[in-house]
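Peer 1: quick one, structure for this:
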Amino acid sequence: MKRKGGEGWLQQDRPPTLPGNPRGGPVSIGLVLLAIALALLTFLPLGNWLDAASLDETAAYRQVVGNWARWLAVGLPALAVVIYLRGSRIDEYLERARFRLAGISDSKFTVTSALLIGVATATLSVVLFDRNPHLVDTIAQLFQAKIFAGGSLTAPAPHDMEFFAASHLVENDGRWFSQYPPGHPSLLAGGVLAGIPWLVNPLFAAATVLVAFAIARRLLGKGSAKLAALLLLVSPFVLFMSASYMNHVTTGFFLALALYAAVRVSESDGGQVWALVLGVSLAAAATIRPLESAAWAMVLGLCVLWRRGWRPALVATVACLVGLAPLLLYNDFLTGHPLRFGYTLLWGEGHGLGFHTDPWGEPFTPLVSLANTALDFQRLNVFMFEWPLPSLAFVLIALVFGAIDSRRRGTVSLLAGLLLAAPLAYFFYWHRDNYLGPRFVYASVLPAILLTVIGIVELDQRLGRWRAALRLALPAAVIFTLTVTLPESAGVISGMEPEMKLHPETQAESKGIEEAIVFVKVGWGSRLVGRLWGWQVPAWEAEQAFRVVDGCRLESGLVEADSLAAQGSDSAEAREQLRRRLSEWRAARLPVKRGLLPDPSVRVDTTRALSQGCAREVQRDLSGFTLYETLVWRNDPWLRRGVVYARYLGEERNIRLMERYPDYEYYLFTPLSRERGAPTVLLKLESRPAATDEGLE
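Peer 2: Purely as a prediction, here's the structure:
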């Protein structure tokens, strides 16, 4: 709708429909059923009922629902009174504000929006994460980025892997590398070379806003496009994720670009160039997160095929296959097969899709997957906007309006398909977690926001004299988020894993340390797992054993393997004997408890007394410990220069590593106390650190 002073802010200057959309019947039963199913998944606590959520998460969700109810109970009557008394005056004021904002040129608006999210997420990266990776996934990918920045695909594996091994790093055929596809690490490599890897995701977040505006402008109109960009800017889930090193952000950019290309192809003037862009964008996303790319490719491919025929679909398919060639060659070089990813090489077949026993030894069933999926939508409903009302409410409204209005059905159906693409694909994948939000459905945020815009606009057009209530409530919800819930969430995130914020390199620089071995004082659990990896126990076996076997048994098995090797036994024979013992102990499923020792990750058989050797390991932890994996990415992957960070394994084992670096200095990186978050310091070690070790014990 055009008016003097600017385009309508909550008006669409075109129906939300793609060209060539056939008019359907009066009501789309499919969209109605989808709205009902999504409402049930989102609002019923299925994940809680099926015991997929922790007690803390269940309590937190109940509190959120209670807050929604209280805000609605107070807010709706208050809004009704205000609008009844001053509705026309408020509507007039909001109209003036709307036209001022709508009068901003598209170029100025989009550039400003991109700059705002770039600056905001870069600032959050510093404030919340201290520019460090905070999850083992990102640590492994940043490590791989350093390998790429060094001009290679892999680095030679260390001789003493127990000192250096870390989660999600693969050792194979004398090489080590990350388990992840190469796309995101290759982008981080540019940041590594520039010295600013922490800015990679903020830059891609800014680019995503530009693409999202372009998508919304073509699908919904200029005014709605500005609203979509603003919703991206104020989404805590988007802001926090974009401030991290997570590969969901770069994947999201390429998927957004693929959606824009598909829209251009679907238009009457869409050409073969945009079909090429579509295929290449999906291939680029596949080099980062293959499953999400495949899911989106199915939806976008069907859209192009249905609207424009087989020619552009074929062009996009060929472009995608050609674009996948580097990924397939990378897999073949690292794993020996173009379709085998590093995940499977590291964790075994249990890492693949389908219902089976997962790599951690737990059964993955359709019921477990249903619980995971329900939790994903429940969390998205909370974390996408963190408004004092459900985040997905307007998505459901958009689905209903799409069902009853055939002019809008094409766009709503496409966006609904993309909203569900990743969750449906991950229905067959065993792992989920909630890091900064439901990260496995981060790809669904863009279609969810576009559907939210449709829902808001459609509702605004039908509220009549009460539309001022909606226009007043939405800014109030955003202001509440930016001033209350977002700072609260930021405080929680900032307090997570304080060990991940360590910067020992600043201490090393202040001490003038240029070449040194820095032993990182870790807990007993890290020492056990590191030694299992050092014996080349497969990652899935080591993980399953660590989860169900008493720490003393693991210690005894490792000591026995070390003793056999010291007596001259073949290392392969000693390893197989260790693996047999681990298998027997896993099968026994003896009752063990965690959380009873200084390192709470270690399980304890409470029916047995600690042996002398186990008591010594526990004693070591009493003075405090930190994490090694947060520092592994600081190493030169070739371990050939500079400061080398290694896992502290005790005097007898440490001396082996010292002998490999006879000209280096030796330091211990340790917290000053057992308190979590205690200051950590670099302590100089003698060439044989017996005295220091005794002091630690």
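
Peer 1: immediately after the helix ranked longest in the chain, which helix or strand?
Peer 2: When the chain is scanned for its longest helix (criterion: DSSP state H), the result is helix 55-102. Past helix 55-102, further along toward the C-terminus, the next helix or strand under DSSP states H and E is helix 106-129.

Peer 1: just checking, what packs against whichever helix or strand comes after that following helix?
Peer 2: Toward the C-terminal end, the helix or strand that comes next after helix 106-129 (DSSP H and E) is helix 136-149. In terms of contacts (3 or more CB pairs under 8 Å, 6 or more residues apart in numbering; DSSP states H and E), helix 136-149 is packed against strand 175-178, helix 183-194, helix 629-632. Where C-beta positions appear, they are placed from N, C-alpha and C, glycine not excepted.

Peer 1: could the ones you listed go into JSON lines alongside mean pLDDT?
Peer 2: Written out in JSON lines, the entries for those read as follows (pLDDT from 0 to 100):
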{"stretch": "strand 175-178", "mean pLDDT": "95"}
{"stretch": "helix 183-194", "mean pLDDT": "96"}
{"stretch": "helix 629-632", "mean pLDDT": "90"}
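
Peer 1: just put the ones you listed in a markdown table and tack on mean neighbour count and distance to Trp274.
Peer 2: As requested, those are exported to a markdown table (neighbours: other CB atoms under 10 Å; distance: least, CB to CB, whole Å):
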| stretch | mean neighbour count | distance to Trp274 |
| --- | --- | --- |
| strand 175-178 | 23 | 33 |
| helix 183-194 | 21 | 22 |
| helix 629-632 | 24 | 42 |
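
Peer 1: would you turn these into TSV with distance to Pro326?
Peer 2: As requested, the helices and strands packed on helix 136-149 are arranged in TSV below (distance: least, CB to CB, whole Å):
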stretch	distance to Pro326
strand 175-178	15
helix 183-194	9
helix 629-632	26
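
Peer 1: of these, which is nearest Gly75?
Peer 2: In this view, the helices and strands packed on helix 136-149 are compared for proximity to Gly75 by CB to CB, and helix 183-194 is the closest at 41.4 Å.

Peer 1: immediately after the closest one, which helix or strand?
Peer 2: Next in sequence after helix 183-194, counting helices and strands by DSSP H and E, comes helix 200-219.

Peer 1: ok, which of the helices and strands packed on helix 136-149 comes nearest Ala393?
Peer 2: helix 183-194 (32.8 Å).

Peer 1: and that closest one, what does it pack onto?
Peer 2: Helices and strands touching helix 183-194, as assessed by 3+ CB pairs under 8 Å, 6+ apart, comprise helix 136-149, helix 200-219, helix 248-266, helix 272-286.

Peer 1: got the angle between the last one and helix 200-219?
Peer 2: Comparing the axes of helix 272-286 and helix 200-219 via axes from the mean of the first three to the mean of the last three CA atoms, to 10 degrees yields an angle of 140 degrees.

Peer 1: which other helices and strands contact helix 272-286?
Peer 2: Here helix 272-286 touches helix 183-194, helix 248-266, helix 290-308, helix 310-335, going by 3+ CB pairs under 8 Å, 6+ apart.

Peer 1: among those, which is the most enclosed?
Peer 2: Highest mean neighbour count of those: helix 248-266, a mean of 26 (counted as mean count of other CB atoms under 10 Å).

Peer 1: residues contacting the nearest residue to Ile90 once chain neighbours are set aside?
Peer 2: If the residues on either side of it in the chain are set aside, Ile90 comes closest to Ala468, at 4.8 Å by CB to CB, 6 or more residues apart in numbering. With contacts defined as CB atoms under 8 Å, 6 or more residues apart in numbering, the neighbours of Ala468 are Ile83, Gly87, Ile90, Asp91, Leu94.

Peer 1: can you pull the contacts of the fourth one?
Peer 2: Applying CB under 8 Å, 6+ apart, one finds that Asp91 lies in contact with Arg467, Ala468, Arg471.

Peer 1: ok so Val170 is a strand residue?
Peer 2: Yes: the assignment for Val170 (DSSP: H, G, I helix; E, B strand; the rest coil) places it in a strand.

Peer 1: count the neighbours of it for me.
Peer 2: The burial metric for Val170, expressed as a neighbour count using other CB atoms under 10 Å, is 23.

Peer 1: so where's the chain uncertain?
Peer 2: Applying pLDDT under 70 to the predicted model, the residue ranges of the chain that meet it are 1-27, 84-88, 268-270, 687-697.

Peer 1: domain assignment for it?
Peer 2: Following automatic domain parsing, one finds the domains of the chain at 1-103+359-496, 497-522+625-697, 538-612.

Peer 1: what's the distance between Ser152 and Leu329?
Peer 2: Counting by CB to CB, to the nearest Å, the gap from Ser152 to Leu329 is 15 Å.

Peer 1: between the longest helix of the chain and helix 106-129, how big is the angle?
Peer 2: Interaxial angle, helix 55-102 versus helix 106-129 (the same axes, to 10 degrees): 150 degrees.

Peer 1: use 43 as the first number from now on
Peer 2: Will do, 43 is the new start, and the previous item becomes helix 97-144.

Peer 1: filter the contacts of Ala510 down to the buried ones, PyMOL style.
Peer 2: Buried members of the contacts of Ala510 can be picked out in PyMOL with the line below, counting by 16 or more other CB atoms under 10 Å:
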select buried, resi 125+129+132+133+136
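
Peer 1: and which of the contacts of Ala510 is nearest to Lys563?
Peer 2: Ranking those by separation from Lys563, with CB to CB as the measure, puts Leu136 on top at 59.4 Å.

Peer 1: show me the contacts for the closest one.
Peer 2: Ala510, Arg513, Leu514.

Peer 1: the second one against Asp502, yeah?
Peer 2: Okay, so that is Arg513. Yes: in this structure, Arg513 sits in contact with Asp502. The criterion is CB atoms under 8 Å, and the distance is 7.0 Å.

Peer 1: who has more neighbours, these two?
Peer 2: Neighbour totals were compared for Arg513 and Asp502, and Arg513 leads with 22 against 19 (other CB under 10 Å).

Peer 1: tell me the SS of that one?
Peer 2: When states are read from three-state DSSP, the local structure at Arg513 comes out as helix.

Peer 1: same check on the one 5 residues further on?
Peer 2: Here Ala518 takes the helix state, with states given by three-state DSSP.

Peer 1: how about Tyr709?
Peer 2: For Tyr709, the secondary structure call by three-state DSSP comes out as strand.

Peer 1: not counting sequence-adjacent ones, nearest residue to Val410?
Peer 2: Spatially, and ignoring its direct neighbours in sequence, Val410 is nearest to Ala94 (7.1 Å; CB to CB, 6+ apart).

Peer 1: could you count how many residues lie near the one you found?
Peer 2: The number of residues packed around Ala94, counting by other CB under 10 Å, is 21.

Peer 1: check contacts around Ala199.
Peer 2: With contact set as CB under 8 Å, 6+ apart, Ala199 has these partners: Glu213, Gly216, Arg217, Trp218.
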